[in-house]
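J.: how would this look folded up:
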Amino acid sequence: MPERHITVQRSIPASTGSLWALFADFPNLASHWNGVRATRPLGSKTSGVGARRRVDLKPMGSMDETVTVWEEGRRVDTRNQPSALVPFKQAESTLTLEPDGGGTLATFDYRYVPRGGPVGRFTGPLIDKMLTATFTDMLATAEKAALARGSGR
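T.: Below is the predicted model:
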């Protein structure tokens with residue numbers, strides 16, 4: 001089954017540092033994004049390469065994510081090991097934050113291999129659509145959280 005690839009981008013009128021503060025709090029993604037049921041650390045390392053978290057997905061299933069690249073203030077990559085309830089075998093993500101005028105260009109790349117052999121070829125486009133909406137919401141929510149933090153709300 002070939003790998004599938006999704007990219008979402010958002011130009012956000014918040015500083016790269018304020019956005020990085022949200023994503024660098026790696027085990028606590030669910031504290032500012034309701035697109036997942038819960039997140040929690042796996043082990044004592046909570047940032048940098050090797051940090052791990054469990055992500056309880058909506059409506060069901062979970063994934064264990066491990067940081068594979070950590071460029072302070074700019075980039076975090078993860079390798080994701082989904083549970084049997086998730087419709088793909090494996091996945092990797094890259095989040096990059098780049099200064100963009102007075103704000104930040106946030107880019108989220110997601111690569112995954114669907115489960116199901118030949119059936120995965122048919123379910124892939126549906127999964128792509130769902131994941132694109134999910135990741136678009138994640139970046140929109142990060143924008144709201146970063147702007148709220150910046151204004152002291």
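J.: show me the beta-bridge partners of the residue lying closest to D109 once chain neighbours are set aside.
T.: Of all residues not flanking D109 in the chain, T94 sits nearest, at 4.4 Å (CB to CB, 6 or more residues apart in numbering). Every residue, glycine included, has its C-beta placed from N, CA and C. When bridges are called by DSSP bridges, T94 pairs up with D77, D109.
J.: which pLDDT value goes with the residue sitting furthest away from the middle of the chain?
T.: Going by CA atoms, centre = their mean, the residue of the chain most distant from its centre is P118, 26.9 Å out. In this prediction, P118 carries a pLDDT score of 74.
J.: related to what we said a few turns ago, quick one: contacts for the residue nearest to D109?
T.: Counting by CB atoms under 8 Å, 6 or more residues apart in numbering, T94 touches V69, R75, V76, D77, T107, F108, D109.
J.: just the pLDDT for it.
T.: T94 is given a pLDDT of 98.
J.: ok, back up a step: distance of the residue farthest from the centre of the chain from P2?
T.: Taking CB to CB, to the nearest Å as the measure, P118 and P2 are separated by 12 Å.
J.: again with E92
T.: Spatial separation of E92 from P2 under the definition CB to CB is 14 Å.
J.: which one's more surrounded, those two?
T.: Counting neighbours by other CB atoms under 10 Å for E92 and for P2 shows that E92 has the greater number, 18 against 9.
J.: contacting residues around that one?
T.: With contact taken as CB under 8 Å, 6+ apart, E92 is in contact with T68, D77, T78, R79, N80, Y110, R111, Y112.
J.: burial count for K144?
T.: A total of 13 residues lie near K144 under the criterion other CB under 10 Å.
J.: wait, A106
T.: 25.
J.: is it true that it touches I12?
T.: Yes - under the criterion of CB atoms under 8 Å, A106 is in contact with I12, at a separation of 5.6 Å.
J.: shared neighbours, the two?
T.: Taking CB under 8 Å, 6+ apart as the contact criterion, the residues that touch both A106 and I12 are L19, L139, A142.
J.: mind checking how far the second one is from G50?
T.: What that stands for is L139. With distances defined as CB to CB, the gap from L139 to G50 amounts to 25 Å.
J.: looking at the two, which is more packed in?
T.: When L139 is set against G50 and neighbours are counted by other CB under 10 Å, the residue ahead is L139, at 19 against 11.
J.: helix or strand: which one has E143?
T.: helix 118-150 (DSSP states H and E).
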